[in-house]
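Chemist: Curious how this folds, go ahead:
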Amino acid sequence: MTPEPYRYMLVAKLHSYLRDHDAALRVLSDGIAAHPDEPHLYRHRGHFRVSARDFAGALADFELAVARLEGRDDEIEYYQAELVPEMERTILGEPSALLERPTPITDENLERLKDVYKGTLKSSTWYHYGLAHYLSGQFDEAAERYRTTLEHCVDDDMTVATVDWLFMSLRRAGRADEARELLDGTSLDMHINEPSYYRRMKMYKGELTPDALLDLETADRRTLATQGYGVGNWHLTNGDEDRAREVFERIVAEGDRFAFGTIAAETDLKRMGS
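Modeler: I've put the predicted structure just below:
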């Protein structure tokens, strides 16, 4: 009997938590062979291909994923805090609490889960599709994907993360007026569970200085990757390439290798000739 698609996702997530992304890719490829019409599997394989620095492969997977979203109801995606207990239940043979069937987007579910950081199948697919374009240096295409992502965001955490990457994409594409218009039209009166992107937005709006957002002497690996890339990119788009290079080099040397900020810093250093 072929396992259900969600079991492949759980195993791939387990491998990723153990920081073995090659194994995660192998499992998802097996899942796609068994369930070739399942968008979740392409969406997650595309994500892990980003982590493996295979941006062309990621773009191909996200294209396949979005083609399979047509006519499909959206659903809530869960992350590590919710998935680890689900893995335990699955291994112990206990009933599933999350993934037996999709969690639909309803007012009741959104209120119940308001303190849970969450994306949706559609918002997460388009968001990571935009990221793959951004890391490939295709900033106009990234901005287009992030505009679509915003149409599917159901909470403030996902919205502010998407606006952040859209803002950076527009700045890198040389569309500064659109980036400013985006900032001016984004209220920070939000219900936030994870503040990294929110704090970066405050820097873009001038409510925090780059030095207040990131202290290179005290930042841990996660802060270097999450806040550091926003700060480095801010310096780069405001004409201070030397300061941007310093921040990017520090991120690559000490940041979490699989964090998107670290991967983005690597790609920018390559473009800068470092």
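
Chemist: which ones are touching Arg171?
Modeler: Arg171 sits next to 179, 233, 237 when contact means CB atoms under 8 Å, 6 or more residues apart in numbering. Every residue, glycine included, has its C-beta placed from N, CA and C.

Chemist: name the element it belongs to?
Modeler: Applying DSSP states H and E as the criterion places Arg171 in helix 156-172.

Chemist: relative to helix 156-172, how tilted is the helix or strand just after that helix?
Modeler: Once helix 156-172 ends, the next helix or strand along the chain (criterion: DSSP H and E) is helix 176-184. Helix 176-184 and helix 156-172 are oriented at 160 degrees to each other (axes from the mean of the first three to the mean of the last three CA atoms, to 10 degrees).

Chemist: Tell me the spacing between Met134 and Thr209.
Modeler: No, residue 134 isn't Met; it's Tyr. The gap separating Tyr134 from Thr209 is 25 Å, by CB to CB, to the nearest Å.

Chemist: try Glu144
Modeler: Taking CB to CB, one finds Glu144 at 31 Å from Thr209.

Chemist: Same drill for those two, tell me which one is more crowded.
Modeler: Each of Glu144 and Thr209 has its neighbours counted (other CB atoms under 10 Å); Glu144 has more, 17 against 11.

Chemist: Spell out the secondary structure type for that one.
Modeler: The assignment at Glu144 comes out as helix when based on DSSP: H, G, I helix; E, B strand; the rest coil.

Chemist: Secondary structure of Ala219: a strand, I assume?
Modeler: No - under three-state DSSP, Ala219 falls outside any strand and is assigned coil.

Chemist: so who does it touch?
Modeler: Taking CB under 8 Å, 6+ apart, one finds 227-228 in contact with Ala219.

Chemist: Mind pulling the model confidence for it?
Modeler: Ala219 is assigned a predicted lDDT (pLDDT) of 77.

Chemist: Also Ala67?
Modeler: 97.

Chemist: Next, count neighbours for it.
Modeler: 11.

Chemist: All further residue positions should be reported with the first residue as 306.
Modeler: Fine by me, first position is 306 from now on; the one you just mentioned is Ala372.

Chemist: Show me where the chain dips below the pLDDT cut-off.
Modeler: Along the chain, the parts satisfying pLDDT under 70 run over 306-308, 579.

Chemist: cutoff 90 now
Modeler: 306-309, 311, 395, 401-407, 422-423, 499, 519-531, 560, 578-579 (pLDDT under 90).

Chemist: Give me the helices and strands touching the host helix or strand of Tyr311, please.
Modeler: Following DSSP H and E, one finds Tyr311 within helix 310-322. Applying 3 or more CB pairs under 8 Å, 6 or more residues apart in numbering; DSSP states H and E, one finds that helix 310-322 contacts helix 326-339, helix 344-356, helix 385-396.

Chemist: Just name the most buried of these.
Modeler: Mean neighbours per residue, mean count of other CB atoms under 10 Å, is largest over the helices and strands packed on helix 310-322 for helix 344-356, with a mean of 26.

Chemist: which of the residues in the following helix or strand past that helix are buried?
Modeler: Downstream of helix 344-356, the first helix or strand assigned by DSSP H and E is helix 360-372. For helix 360-372, the buried set under the neighbour-count rule, 16 or more other CB atoms under 10 Å, comprises 360, 362-367, 369-371.

Chemist: Kindly report the same for stretch 433-444.
Modeler: By neighbour count on 16+ other CB under 10 Å, the buried set for stretch 433-444 is 433-440, 443-444.

Chemist: Ok, stretch 560-579 next?
Modeler: Along stretch 560-579, these residues count as buried under the neighbour rule (16+ other CB under 10 Å): 560-561, 564-574.

Chemist: gap between stretch 380-391 and the chain center?
Modeler: Centroid displacement of stretch 380-391 relative to its chain, using CA atoms, centre = their mean, to the nearest Å, is 15 Å.
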